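Student: here is my input; please provide its structure:
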Amino acid sequence: MADADDVRRLARALPDVTEIESDGFDFRVAGKGFVWSYPERRPGQRRLIRSDIAVLYVGDEAEKQALLLGEPDVFFTTPAYDGWPLVMLRLAEVDGERLHELVTDAWRMRGPEADPG
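Tutor: Below is the predicted model of the structure:
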């Protein structure tokens, strides 16, 4: 069972990572976000930063759909993220090893060496 502290520890250990001040966690590499706390929005209410849920960059729509369909108890999305290669991860549903893999993959896809231009 992972939590926000695990996300912070893993993200901070990666090279060239910048942590953005946030009510939860927010990490970037090469100026691009790769993992951050889920900013839950409900009609008529203020935005709530959910540090028990991570938003992860996954690279493309195919990967997003594979995660959503393959593990619906772990990953989810909302209409606000339609068309974006991002998924929400319920941290309590993954162990440290899986979280390490997911955070590292997101970092790798957003890093400067991943930029073809």
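Student: what mean pLDDT does the longest helix along the chain get?
Tutor: Taking DSSP state H as the criterion, the chain has its longest helix at helix 96-110. Averaging pLDDT along helix 96-110 gives 97.
Student: what about the helices in this structure?
Tutor: 4-12, 61-70, 96-110.
Student: in stretch 94-105, which residues are buried?
Tutor: Residues 94, 99, 100, 102, 103, 105 are the ones in stretch 94-105 that count as buried (16 or more other CB atoms under 10 Å). Every C-beta, even on glycine, is put in place using the N, C-alpha and C of the backbone.
Student: what's around the nearest residue to the fifth one once chain neighbours are set aside, how many residues?
Tutor: Counting by CB to CB, 6 or more residues apart in numbering, the nearest residue to residue 103 once its immediate chain neighbours are dropped is residue 10, at 4.6 Å. Counted with other CB atoms under 10 Å, the burial measure for residue 10 works out to 21 neighbours.
Student: ok, now residue 23?
Tutor: Counted by other CB under 10 Å, the residues lying close to residue 23 total 12.
Student: just residue 9 next, same as before
Tutor: If you count neighbours by other CB under 10 Å, residue 9 ends up with 13.
Student: repeat that for residue 24.
Tutor: 19.
Student: torsion angles phi and psi at it?
Tutor: Residue 24 adopts backbone torsions of phi -120, psi -110, taken as degrees, to the nearest 10.
Student: picking up where we left off before, would TSV of the buried residues of stretch 94-105 with distance to residue 42 be doable?
Tutor: Listed next are the buried residues of stretch 94-105 as TSV, based on distance: CB to CB, whole Å:
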residue	distance to residue 42
94	25
99	26
100	31
102	26
103	27
105	30
